[in-house]
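K.L.:
Provided below are the primary sequence and the corresponding predicted coordinates.
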Amino acid sequence: MGNRFASGKIAIAECDRCGQQYQLKQLKTEIIKQRKYELLVCPECWDPDQPQLMLGTFPVDDPQALRNPRRDTTYVTSGVNAAGNLSGGSRDIQWGWNPVGGASNFDAALTPNYLVATTFVGTVTIT
């Protein structure tokens, strides 16, 4: 027994989205959320299935908390850092911009800054 449908080698069809004429074999089936819809669209109108629309279809286990957390005791413990300056503990942040390491007078006591910019200019000889 033969095939129930014609081969469609030279069949012309319309895109269900834009209405332009294409060969039937060029049109693609529209898939949304892993479901095929009975829309045949041209290559310009066809969109691949968007992964963000599949949220919740796959189980995700992403724990954020620790099982046995411990208090950060170094936060209040200050000492001397590698440069020999006093440190404010584990959350001592050094920041600086224009010029590097330059703390302004009004916040120098609040955010001490010991950053120092070091530069070197050399020469290159091409032979």
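P.N.:
Yes, it's here. Just so you know, these numbers come straight off a predicted model, no measurement behind them.

K.L.:
Contact partners for residue 12?
P.N.:
21-24 (C-beta atoms under 8 Å, 6 or more residues apart in numbering). C-beta coordinates here come from the backbone N, C-alpha and C atoms, glycine included.

K.L.:
buried sites along the longest strand along the chain?
P.N.:
Secondary structure of the chain per DSSP state E: the longest strand is strand 35-41. Neighbour counts using 16 or more other C-beta atoms under 10 Å place 39-41 of strand 35-41 among the buried residues.

K.L.:
Would you reformat the residues you listed as JSON lines and include pLDDT?
P.N.:
Shown next, in JSON lines, are these (pLDDT from 0 to 100):
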{"residue": "39", "pLDDT": "91"}
{"residue": "40", "pLDDT": "94"}
{"residue": "41", "pLDDT": "95"}
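
K.L.:
those strands in the chain, which residues are they?
P.N.:
With DSSP E as the criterion, the chain has strands at 12-14, 21-23, 28-32, 35-41.

K.L.:
out of these, which comes closest to residue 73?
P.N.:
Among the strands of the chain, strand 28-32 comes nearest to residue 73, with 53.7 Å by C-beta to C-beta.

K.L.:
Each with direction, which strands does that closest one pair with?
P.N.:
If you go by DSSP bridges, strand 28-32 pairs up with strand 35-41 (antiparallel).
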